[in-house]
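Student: Need a 3D model of the sequence below.
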Amino acid sequence: MAAKSISTLLEDVRLLSEEGHALVQAVRALVKQTFGTVDEEVKYGGILFAVDGVSFAGVFAYRQHVSLEFGQGAAITDPYGLLEGAGKGRRHLKLRGLSDLADKQVADYLPLALQAAKG
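Tutor: The predicted model follows:
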């Protein structure tokens with residue numbers, strides 16, 4: 001059932017933006033490459049990622065960008081100064097193209113986000 005929900009969401013994202021769809025898929029691939037086994041869940045209009053039951057990030061597609069959200073992002077010591085947001089807990093990276101995966105150091109932020117979520 002979850003796989004169907006994810007595929008349905010991905011088709012909706014594709015209708016919104018082909019580039020956004022490619023970016024969401026690239027984020028998913030990078031998360032899986034980084035952690036191996038990852039649980040995915042459609043929630044809040046995006047795909048949430050969890051490792052060993054710990055939810056640490058989510059990817060959300062918008063018309064002009066894709067947002068990679070970190071639920072405990074405020075607890076991350078931001079090594080590159082790229083995290084956006086000023087709330088009590090969340091931080092995010094706005095991704096506008098595939099090059100942003102490297103330019104915004106996404107692979108480095110993912111383990112930091114998991115560590116922050118574990119507390």
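
Student: Could you find the closest non-adjacent residue to Asp108?
Tutor: Leaving out its chain neighbours, the residue that sits closest to Asp108 by CB to CB, 6 or more residues apart in numbering is Pro79, at 6.9 Å. (Each C-beta comes from the backbone N, C-alpha and C, glycine too.)

Student: Just the terminal-to-terminal distance for stretch 33-48.
Tutor: 16 Å (CA to CA, to the nearest Å).

Student: which residues touch that stretch?
Tutor: Contact partners of stretch 33-48, identified using CB atoms under 8 Å, 6 or more residues apart in numbering, comprise 2, 5-6, 8-9, 24, 28, 31-32, 49-51, 53, 55, 57-61, 67, 69, 107, 110-111, 114.

Student: Model confidence at Ala3, what's the number?
Tutor: Listed pLDDT for Ala3 reads 55.

Student: most residues in a single helix of this structure, which one?
Tutor: When the chain is parsed with DSSP state H, its longest helix is helix 18-35.

Student: now the next helix or strand after that one, how far from the centre of its chain.
Tutor: Going down the chain from helix 18-35, the next helix or strand is strand 39-43, by DSSP states H and E. Between the centre of strand 39-43 and the centre of its chain there are 11 Å (CA atoms, centre = their mean, to the nearest Å).
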